[in-house]
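1. here is a sequence together with a model predicted from it:
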Amino acid sequence: MTATSDRSRVRRAALAIGLYVGIASAVLTVAGVAALVTVISLRAREESIEHGISRPRGGEEVAWVVERDEVIGLVVVLGAIGIVLVGLVAWLAAHRAVAPLAEALRLQRNFVADASHELRTPLTVLTSRLQVLERRLEREEPAEEVVGQLRADAASMADVINDLLLSAEGDAEPGDPVTAVADTVRTAVSSLEVLAQEAGLRIETRIDATPTVAVPRVSLARCVVALVDNAVQHSPAGAVVEVLVGTDGGTASLRVRDSGPGIQGISPERVFDRFARSSGNPRRRSFGLGLALVRDIARRYHGDVTVESTSPQGTTLLLQLPCVR
């Protein structure tokens, strides 16, 4: 999504439209002239037959009688048909040529929406840590730990932006990424502890296996953050959000359980649609974008995310990714 690539797309679209319209105009002009000549030839009459004169012998000229009014009418009709056909071809050519531009604009809109959503949680974490730092400085307490966490948060934000850019451009991370699920989950959950504390929640992590997956660390961390953040948002104060890492055969599994009221007013499958919102509560914050991004990442690496269960006691979301063998 660079300026050079955008200009290249525009040039290709303009060239394609010009070629389509030019070729179509030439073909229609030739076809129109041929049709006009053919129709005139068929409707013309030999002067000798018109006047009852016998057909001329070989070598004698034959005079053809053509009605001027008929020719003018034919020219007008064929011209009108040609104009309509050229207009139709131009519309089809423009529609086809600008399709890549429309796709580029769609990707740009998605990138802006994704970036604003993905950076919201890290920025909230950053703000919360700054508040903790201010309190410690006011009390003259040691602040080295918080400063280190702030550095890690800033680095995490930079990684998220780079991962979003790679995803928007359709590029894969260089090399063959191999990521330890358990370590990534621990790091991601640790970054969200400050938000859970502010909400009066606890996050409990249980590691039953230590699988590795062929997913970039940043992409997997984005999935974990989105799933856990979603669970924190939908759990009441005093509740516990459970994060479980395990394996199911050759598949790494990550389960995130909240203690909310369950999915209501919307089909469970639709929570992974962009900007999905419960119809029963129009003021509820949209949760679909975050989960939609998780699904995009999971499917990009041959996995998936589903609603494993939902009830008035809570909801469990299941992320599955192929293990590296």
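-> Good, I have the coordinates.

2. is G200 in a helix, a strand, or coil?
-> G200 carries the three-state label coil when classified by DSSP: H, G, I helix; E, B strand; the rest coil.

3. find the nearest non-adjacent residue to G290, please.
-> A226 (4.2 Å; Cβ to Cβ, 6 or more residues apart in numbering). Quick note: C-beta positions are derived from backbone N, CA and C, even for glycine.

4. tell me who's in contact with that neighbour.
-> T121, G290, L291, L293, V294 (Cβ atoms under 8 Å, 6 or more residues apart in numbering).

5. quickly find the element holding it.
-> helix 217-233 (DSSP states H and E).

6. and the next helix or strand past that helix?
-> Trace forward from helix 217-233 with DSSP H and E and the next one is strand 240-248.

7. that following strand packs against which elements?
-> Applying 3 or more Cβ pairs under 8 Å, 6 or more residues apart in numbering; DSSP states H and E, one finds that strand 240-248 contacts helix 181-198, strand 202-207, helix 217-233, strand 251-257.

8. contacts for the first one next, please.
-> Going back to what we said before, that points to helix 181-198. Contact with helix 181-198 is made by 121-122, 124-125, 128-129, 132, 152-153, 156, 202-203, 205, 207, 209-213, 217, 220-221, 224-225, 228-229, 232, 241, 243, 245, 252, 254, 321, as judged by Cβ under 8 Å, 6+ apart.

9. next, the angle from it to strand 240-248.
-> Between helix 181-198 and strand 240-248, the angle comes out at 170 degrees (axes from the mean of the first three to the mean of the last three Cα atoms, to 10 degrees).

10. list the buried residues for helix 181-198?
-> For helix 181-198, a neighbour-count test (16 or more other Cβ atoms under 10 Å) marks V181, A182, T184, V185, R186, A188, V189, S191, L192, V194, L195, A196 as buried.

11. could you dump that helix to PDB, C-alpha only?
-> The C-alpha coordinates for helix 181-198 follow below in PDB (Å, rounded to 0.1, in the frame of the first residue of the first chain):
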ATOM      1  CA  VAL A 181       2.200 -21.300  22.300                       C
ATOM      2  CA  ALA A 182       2.600 -21.500  26.000                       C
ATOM      3  CA  ASP A 183       5.300 -18.800  26.200                       C
ATOM      4  CA  THR A 184       3.300 -16.500  23.900                       C
ATOM      5  CA  VAL A 185       0.200 -17.000  26.000                       C
ATOM      6  CA  ARG A 186       2.000 -16.300  29.300                       C
ATOM      7  CA  THR A 187       3.500 -13.000  27.800                       C
ATOM      8  CA  ALA A 188       0.200 -11.900  26.400                       C
ATOM      9  CA  VAL A 189      -1.800 -12.600  29.500                       C
ATOM     10  CA  SER A 190       0.800 -10.900  31.600                       C
ATOM     11  CA  SER A 191       0.400  -7.700  29.600                       C
ATOM     12  CA  LEU A 192      -3.400  -7.800  30.300                       C
ATOM     13  CA  GLU A 193      -3.100  -8.300  34.000                       C
ATOM     14  CA  VAL A 194      -3.200  -4.500  34.700                       C
ATOM     15  CA  LEU A 195      -6.600  -4.300  32.800                       C
ATOM     16  CA  ALA A 196      -8.000  -7.300  34.600                       C
ATOM     17  CA  GLN A 197      -7.100  -5.700  38.000                       C
ATOM     18  CA  GLU A 198      -8.800  -2.400  37.000                       C
END
